[in-house]
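> just coords:
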């Protein structure tokens, strides 16, 4: 998934990015509110991690502008404020969740999983799709109850397809969800990742069809019994 981290403390911001990148997400770091606001006007993200005390434009102002544009991207606030009044206002202004600094990275990951899962319409981190079971907590995939080894990037690609079943996705759209601005995937990178995922899920009920010159479309098509 594509995540934007808006944090002006470089060490903390980079640590968050490194942690989320290691899980296979495409992560970008912006250090001031104004630059983040300009970026969000043309670039879509699956999740925003937003500090409140930012130069140029505060996190609260950025959140307000985002919601005024009717942008429903989930926002997780990172804040040192622990007063109940502050939390109530953030939620009323459109924040989806908040995490008080200092925080545990394990809890950060869990809250990110919950917001991304909610965005895709799932009630649980463990979901079934035909004969495929996906565990977002452990980042494991089972086909016919057998564990299928996938890389973090392949797992995120699977999440993208499962979150857009029946919808045509262009290579550019998939790239936008899978990679950050600092990464320069090769021209055939998406074809390679899709090919690997198809091979690993060959016995699964997820069908990923190629629409030549357009992109890909995924659907769950349970296999017929012999």
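It's in. Worth saying up front: this structure is predicted, and the values here are computed from it rather than measured. Residues are numbered from 1 along each chain as shown.

> Show me where this structure has its helices.
10-22, 33-40, 59-68, 84-92, 105-119, 152-163, 171-178, 189-200 (DSSP state H).

> Nearest to residue 136, out of those?
Residue 136 lies closest to helix 105-119 among those, at 5.4 Å (CB to CB). Where you see a C-beta, it was placed from the backbone N, CA and C, and this is true even at glycine.

> Now tell me what touches the closest one from outside.
Residues from elsewhere that reach helix 105-119 (CB atoms under 8 Å, 6 or more residues apart in numbering): 1, 3, 15-16, 19-20, 23, 46-47, 49, 74, 76, 96-97, 99, 124-125, 136-137, 159, 163.

> quick one: terminal-to-terminal distance for stretch 142-149?
End-to-end span of stretch 142-149 (CA to CA, to the nearest Å): 9 Å.

> Report the buried residues of it.
Neighbour counts over stretch 142-149 (16 or more other CB atoms under 10 Å) mark 142, 143, 148 as buried.

> Which of the helices of the chain has the lowest mean pLDDT?
Mean pLDDT is lowest for helix 84-92 out of the helices of the chain, coming in at a mean of 85.

> what's that one packed up against?
Using 3 or more CB pairs under 8 Å, 6 or more residues apart in numbering; DSSP states H and E, the elements in contact with helix 84-92 are helix 59-68, strand 75-79, strand 97-100.

> Pull out the buried residues from the shortest one.
Taking 16+ other CB under 10 Å as the neighbour-count basis, strand 97-100 is seen to contain the buried residues 98, 99.

> Quick one: distance of it to the chain centre.
Distance, stretch centre to chain centre, for strand 97-100: 17 Å (CA atoms, centre = their mean, to the nearest Å).

> ok, now stretch 42-60?
Centroid separation for stretch 42-60 versus its chain: 15 Å, with CA atoms, centre = their mean.

> Ok, stretch 10-23 next?
Counting by CA atoms, centre = their mean, stretch 10-23 comes out at 14 Å from the chain centroid.

> circling back: winner for burial among the helices and strands packed on helix 84-92?
strand 75-79 (a mean of 23; mean count of other CB atoms under 10 Å).

> And it, what does it pack against?
Strand 75-79 packs on strand 47-51, helix 59-68, helix 84-92, strand 97-100, helix 105-119, going by 3+ CB pairs under 8 Å, 6+ apart.

> Redo those as a markdown table? Include distance to residue 40.
Shown next, in a markdown table, are the helices and strands packed on strand 75-79 (distance: least, CB to CB, whole Å):
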| stretch | distance to residue 40 |
| --- | --- |
| strand 47-51 | 8 |
| helix 59-68 | 6 |
| helix 84-92 | 18 |
| strand 97-100 | 18 |
| helix 105-119 | 16 |
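
> Distance of the closest residue to residue 69 other than its chain neighbours relative to residue 65?
Spatially, and ignoring its direct neighbours in sequence, residue 69 is nearest to residue 41 (7.6 Å; CB to CB, 6 or more residues apart in numbering). Distance, residue 41 to residue 65, by CB to CB, to the nearest Å: 9 Å.

> one step back: relative to residue 182, which of the helices and strands packed on strand 75-79 is closest?
strand 47-51 (16.9 Å).
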